[in-house]
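A.B. asks: here you go, sequence then predicted model.
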Amino acid sequence: MRFTKPAWVAHKDSTAKSDSYKRLCIFSVHVHPDGSRIATGGLDAKIRIWSTKPILNPASEASNKPPKALSTLTMHTGPVLTVRWANSGKWLASGISGGICLSAAINGHVSFFFADSHSPDVTDVAWSPGDRYLASVGLDSKVIIWCGYTHERLRKLDQHQGFVKGVCWDPVGEYLATQSDDRSVKIWNTTDWSLEAEVTKPFEDSPGSTFFRRLSWSPDGAHITASNATNNKGFVFIASVITRNTWTSEISLVGHENTVEVASYNPHIFLRNPQLPVLTSNICSVVALGADDRSVSIWQTKSARPLIVAKEVFERQIMDLNWSWDGLTLYAVSSDGTLAVFNFDPDELEGLCPHSVQGTYLKKFGFTPAPIPEGFSHVSARQLTPPPSPKSQSQGMDQTGFGHDAGGGERVNVLVAKRGGKKRATLTNVAMPLAPPMMPSQSQPRSVSSSGPIPGALAGPALTGVSISKRAQLSQQQERAPSVFDVDADTWSPSTDVRIDAVEEGSRKRKAVAVVEVEEPKRARTLGGERKRVAIPMKELVPGSGAVRAPFGGGASLNLPIPAVMTRVSAQVEGSDDVFEAVNPDNDEDAPEVSYMSGKHTQWLDYLPCPALAVCASSRFCAVGMRDGSVIVYSHTGRRLMPSLSLGAPCSFIDGRGSMLLIVSSIGQLYSWDVKKQSAVFPPVSLSPILPSPNYTVTSAKIQPNGAAILTCSSGVVYSYDAALLSFVKLTERWWSEGSDVWQARQRSATNPTANRGVLSVAEGSIAGSLDSSATGANKKRPQWWNMAMTLGHLETRMHSARLLESPTEYKQALSQYTKKLADEGYKAKAEELIRELMGPLYSRSSEQGWSPTVAGLVKRELLKDVLSAFARSKTLGKLAQDWQDVVRRAISEEGDR
């Protein structure tokens with residue numbers, strides 16, 4: 001085996017001012033099926049394509065032939081958490097903020113297809129066998145199924161109760177598996193997309209703070225290896241192996257010292273004994289695991305011990321693993337921004353079978369996949385009908401796909417979104433020569449269509465919404481239709497101005513094209529309802545700022561960041577698939593507008609006096625914050641529910657839940673309104689008390705249905721404003737991680753797994769990213785009672801926070817843990833004080849003493865019964881509990897007699 005870490009594979013921080021660049025986190029890596037290149041996605045919001053030959057061949061690396069960096073795709077607006085090549089090699093799918101992006105590179109041309117589906121981020125995507133489907137999962141707890149050919153959304157699966165962080169397909173095509181922060185792996189049947197099974201046992205005590213939960217399905221279809229599982233109540237970190245059909249998890253891969261983030265099976269079937277025939281009893285698989293302990297392990301399922309354990313490969317946790325199609329090279333990436341490569345000789349992986357053996361073996365399952373849409377097929381790039389190309393470009397390319405100007409190597413092209421200008425916002429189509437694919441024939445699915453690929457099939461994404469029966473007719477009508485992937489005329493010369501035939505729908509001052517109208521049922525007339533939804537590419541028009549410019553300064557002491565003005569900002573309506581969207585024109589002729597979308601149709605629209613910065617959409621209203629500091633609130637039918645609000649400064653954050661609206665302005669003013677009552681929850685409050693230093697800022701602002709704000713600060717503290725106390729209060733802070741035994745983000749926490757679903761646990765997870773401080777604190781010399789004091793203080797703070805946020809489940813959990821600690825330690829004074837608080841006054845009205853019979857929506861005396869039951873089992877508090885149980889019984893009896 002050969003191990004290498006090419007230093008030149010990096011996502012660099014372009015904002016760094018010093019000559020020494022900073023490496024940014026690499027979230028994902030995937031190898032092209034022909035093995036010639038890999039794609040990486042990183043924190044810099046870019047996808048980078050690298051040649052594999054310089055990685056595996058030192059001579060090629062020294063000569064720079066082919067070039068190391070092949071291309072950079074910069075169309076994303078946020079971190080790229082996942083990249084996955086299609087099995088055919090035609091498409092590269094990536095997860096973006098709010099949806100997916102598909103990039104196709106054919107004969108030197110790059111096309112893009114964007115689809116809004118998730119809110120906010122997509123954490124993983126996966127192609128089904130034969131590329132029939134594409135599945136995407138995200139932080140909105142949803143699983144979206146797309147057609148791999150038409151790119152239309154087919155199904156939404158929403159039975160997960162937490163962030164979905166991993167997805168994989170059964171190689172047979174019969175099942176889909178997803179893994180979520182709700183501590184479950186769900187198996188879906190692809191015939192009707194019903195839930196086949198749910199596996200929870202291995203994940204009951206798994207930590208909730210991992211970045212990914214990437215799972216993998218074995219190439220023989222027999223097992224799923226799921227990450228982030230534990231044994232021994234959360235103290236042993238494992239990868240759990242789930243068996244097909246029974247969906248049991250009796251096998252564990254044990255050895256990593258911290259959470260397993262990702263599992264990746266070698267794509268080949270292996271034979272236990274290469275001399276024997278291919279039978280189920282003679283088949284095994286090879287799987288790689290990457291963990292937060294910075295190590296990689298490789299297992300062969302016929303052995304109880306790993307083949308290889310590579311320790312401390314990286315400086316930080318491992319984010320993704322991927323095998324090459326030939327099964328001899330494993331690529332791993334880490335949050336430290338580096339790539340590691342493990343290259344094996346064929347004799348080191350004994351029993352490796354060709355892919356043809358896998359195809360024959362999988363036929364025994366007898367599963368028939370869904371038919372391919374008529375008129376579509378996924379074939380290799382060199383078999384597709386190319387778009388017209390100028391001679392000047394074709395003469396610069398040889399048969400290998402390498403340009404002469406690169407000295408026999410591939411050219412490096414950077415795809416960027418144009419800023420400014422008078423043209424309508426479009427996506428850029430850039431020449432990007434690629435090496436000819438060397439795909440195995442088994443990876444190229446055949447089309448069931450007798451007619452084969454139709455002309456213009458390359459423009460599949462743009463044909464979404466047009467009936468299949470009219471696709472052939474439409475392609476014949478198009479001789480030279482303008483493309484939605486227009487080349488930026490100011491950047492690229494006419495010699496590279498090659499367009500891909502496509503259909504362009506909608507208006508907004510675009511060139512007229514031939515479009516086949518599809519008959520639809522008549523709909524009720526609404527303002528703008530006749531207009532079809534138009535996909536507006538997202539790009540930055542006006543950069544955001546970290547300091548407030550005039551006239552918004554006004555001598556204010558706080559300057560919070562102002563969001564950039566984008567061509568499009570959108571938010572999914574709470575509890576539905578509808579979308580509230582604001583569009584800012586990139587010219588002076590059009591006016592900014594907001595619209596409410598349901599499916600492909602505009603329900604209503606309105607025009608704005610100035611560009612929109614941010615939007616939110618709750619179950620009761622929609623709101624838009626504008627550059628001039630004003631806010632407009634709409635109902636779901638487009639009626640203005642409140643007068644236009646003028647805040648005097650642009651908003652930095654906006655959020656809505658139910659009837660509650662929250663805004664944090666750029667000068668540090670906190671606002672909270674009840675839209676239904678048209679009143680403020682509390683007067684505007686300055687954030688100065690929670691931002692004592694210019695180095696601190698607010699990183700997130702959310703609102704609860706009761707109007708309580710949740711403000712996450714870069715200092716590692718989460719605040720809220722208590723209107724009753726007229727003060728900011730700390731909901732939680734990173735300080736507790738240095739000693740509290742119930743810190744939710746602690747890797748070895750054995751607390752109740754359902755706690756991670758609550759708002760407080762989510763808040764703790766949001767500030768738990770820098771646990772290095774807690775690890776350092778663990779090595780400090782602490783006082784004797786340090787841990788117990790920190791734990792009790794943390795639980796008391798949790799109960800106050802849960803009361804303020806009206807989170808009954810978390811209040812009850814914190815109370816239960818607090819009670820158990822008091823009972824175990826025998827702290828009688830604290831226990832009696834807690835009992836008196838829950839019991840309340842016995843012989844006078846509670847209102848006369850300011851006592852409330854409920855807390856966080858729970859009846860205090862009902863909670864007291866559980867508390868006394870816990871105290872009764874304590875040796876030191878048993879007598880106290882018995883006395884108070886008698887008091888409670890008498891009080892209940894007297895109340896019944898009244």
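C.D. replies: Okay, I see it.

A.B. asks: show me the shaky parts of the stretch 701-850 of the chain.
C.D. replies: Along the stretch 701-850 of the chain, segments meeting pLDDT under 70 span 744-757, 769-779, 843-849.

A.B. asks: Val29 against Gly42, yeah?
C.D. replies: No. Val29 is not in contact with Gly42 according to CB atoms under 8 Å; the separation is 9.9 Å. (Each C-beta comes from the backbone N, C-alpha and C, glycine too.)

A.B. asks: with neighbour numbers in mind, choose between these two.
C.D. replies: Set Val29 next to Gly42 and count neighbours by other CB atoms under 10 Å: Gly42 wins out with 27 against 24.

A.B. asks: grab the nearest non-local neighbour of that one.
C.D. replies: His11 (3.3 Å; CB to CB, 6 or more residues apart in numbering).

A.B. asks: report how many residues lie close to the one you found.
C.D. replies: His11 has 26 nearby residues by other CB under 10 Å.

A.B. asks: Ala814: what's its closest spatial neighbour, skipping adjacent residues?
C.D. replies: Arg798 (4.0 Å).

A.B. asks: is the one you found in a helix, a strand, or coil?
C.D. replies: helix (DSSP: H, G, I helix; E, B strand; the rest coil).

A.B. asks: where does the prediction get shaky in the stretch 451-600 of the chain?
C.D. replies: 451-524, 529-530, 532-535, 544-557.

A.B. asks: now with 80, please.
C.D. replies: Low-confidence segments of the stretch 451-600 of the chain (pLDDT under 80): 451-539, 541-557, 599-600.

A.B. asks: repeat that for the stretch 101-250 of the chain.
C.D. replies: 101-120, 208-209, 233-234.

A.B. asks: and the strands in it?
C.D. replies: With DSSP state E, counting those that start in this stretch as the criterion, the stretch 101-250 of the chain has strands at 108-127, 133-138, 143-147, 153-157, 164-169, 175-180, 184-189, 194-199, 216-217, 223-231, 236-243.

A.B. asks: so for Gly668, which of these sits nearest?
C.D. replies: strand 108-127 (24.1 Å; CB to CB).

A.B. asks: let me see the mean pLDDT of stretch 280-293.
C.D. replies: In this model, stretch 280-293 carries a mean pLDDT of 92.

A.B. asks: same question for that stretch: list its buried residues.
C.D. replies: If you call a residue buried by 16 or more other CB atoms under 10 Å, then stretch 280-293 has these buried ones: 282-293.

A.B. asks: redo those as a markdown table? Include secondary structure.
C.D. replies: Compiled in a markdown table, the buried residues of stretch 280-293 are given as follows (three-state DSSP):
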| residue | secondary structure |
| --- | --- |
| Asn282 | helix |
| Ile283 | strand |
| Cys284 | strand |
| Ser285 | coil |
| Val286 | strand |
| Val287 | strand |
| Ala288 | strand |
| Leu289 | strand |
| Gly290 | strand |
| Ala291 | strand |
| Asp292 | coil |
| Asp293 | coil |
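
A.B. asks: returning to what we had before: how close does the residue nearest to Ala814 sit to Gly290?
C.D. replies: 33 Å (CB to CB, to the nearest Å).

A.B. asks: count of residues packed around Val357?
C.D. replies: The tally of other residues near Val357 (other CB under 10 Å) stands at 18.

A.B. asks: so what's it up against?
C.D. replies: 269, 278 (CB atoms under 8 Å, 6 or more residues apart in numbering).

A.B. asks: SS state for it?
C.D. replies: helix.

A.B. asks: same check on Trp884?
C.D. replies: Using three-state DSSP, the structure places Trp884 in helix.

A.B. asks: quick check, it in contact with Met839.
C.D. replies: Yes. Trp884 lies in contact with Met839 (CB under 8 Å); the separation is 7.3 Å.

A.B. asks: so these two - more neighbours on which side?
C.D. replies: The neighbour comparison of Trp884 against Met839 (other CB under 10 Å) goes to Trp884, with 22 against 18.

A.B. asks: now the more buried one: closest residue in space that isn't a chain neighbour?
C.D. replies: Using CB to CB, 6+ apart and skipping the chain neighbours, the partner closest in space to Trp884 is Ile835 (5.3 Å).

A.B. asks: doesn't Leu868 make contact with the one you found?
C.D. replies: Yes. Taking CB under 8 Å as the definition, Ile835 is a contact partner of Leu868 at 7.2 Å.

A.B. asks: what do these two both touch?
C.D. replies: Joint contacts of Ile835 and Leu868 (CB under 8 Å, 6+ apart) are Trp884.

A.B. asks: next, Trp50: phi, psi?
C.D. replies: Note on Trp50: its backbone torsions stand at phi -120, psi 140 [degrees, to the nearest 10].

A.B. asks: mind listing what the residue lying closest to it once chain neighbours are set aside touches?
C.D. replies: Spatial nearest neighbour of Trp50, chain neighbours left out: Ile38 (5.3 Å); criterion: CB to CB, 6+ apart. Taking CB under 8 Å, 6+ apart, we find Ile38 in contact with 29-32, 49-50, 52, 55, 322, 331.

A.B. asks: got JSON lines for those, with pLDDT, secondary structure and distance to Ser618 too?
C.D. replies: JSON lines is the format used below for the contacts of Ile38 (pLDDT from 0 to 100; DSSP: H, G, I helix; E, B strand; the rest coil; distance: CB to CB, whole Å):
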{"residue": "Val29", "pLDDT": "95", "secondary structure": "strand", "distance to Ser618": "38"}
{"residue": "His30", "pLDDT": "95", "secondary structure": "strand", "distance to Ser618": "37"}
{"residue": "Val31", "pLDDT": "95", "secondary structure": "strand", "distance to Ser618": "43"}
{"residue": "His32", "pLDDT": "94", "secondary structure": "coil", "distance to Ser618": "43"}
{"residue": "Ile49", "pLDDT": "93", "secondary structure": "strand", "distance to Ser618": "41"}
{"residue": "Trp50", "pLDDT": "93", "secondary structure": "strand", "distance to Ser618": "43"}
{"residue": "Thr52", "pLDDT": "93", "secondary structure": "coil", "distance to Ser618": "48"}
{"residue": "Ile55", "pLDDT": "92", "secondary structure": "helix", "distance to Ser618": "49"}
{"residue": "Asn322", "pLDDT": "95", "secondary structure": "strand", "distance to Ser618": "40"}
{"residue": "Tyr331", "pLDDT": "96", "secondary structure": "strand", "distance to Ser618": "43"}
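
A.B. asks: correct me if wrong: Asp220 contacts Tyr361.
C.D. replies: Yes. Taking CB under 8 Å as the definition, Asp220 is a contact partner of Tyr361 at 6.4 Å.

A.B. asks: ok, the two, which is more surrounded?
C.D. replies: With neighbours defined as other CB under 10 Å, Asp220 and Tyr361 compare such that Asp220 has more, 25 against 19.

A.B. asks: follow-up on the earlier one: now the residue nearest to Ala814: how far from Pro79?
C.D. replies: 31 Å.

A.B. asks: try Gly130
C.D. replies: As defined by CB to CB, Gly130 lies at a distance of 30 Å from Pro79.

A.B. asks: show me where the protein has its helices.
C.D. replies: Using DSSP state H, the helices of the chain run over 53-56, 58-63, 355-362, 391-394, 471-477, 759-766, 772-778, 786-805, 808-825, 828-839, 860-872, 878-897.

A.B. asks: packing partners of the first one?
C.D. replies: Meaning helix 53-56. Secondary-structure packing of helix 53-56 (3 or more CB pairs under 8 Å, 6 or more residues apart in numbering; DSSP states H and E): helix 58-63, strand 339-343.

A.B. asks: just the CA atoms of the first one, as CSV, please.
C.D. replies: Spelled out, it's helix 58-63. Taking C-alpha atoms only, helix 58-63 is exported to CSV below (Å, rounded to 0.1, in the frame of the first residue of the first chain):
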residue,chain,number,x,y,z
PRO,A,58,5.2,11.1,-8.8
ALA,A,59,6.6,11.6,-12.3
SER,A,60,3.3,13.2,-13.5
GLU,A,61,3.3,15.4,-10.4
ALA,A,62,6.8,16.7,-11.1
SER,A,63,6.1,17.4,-14.8
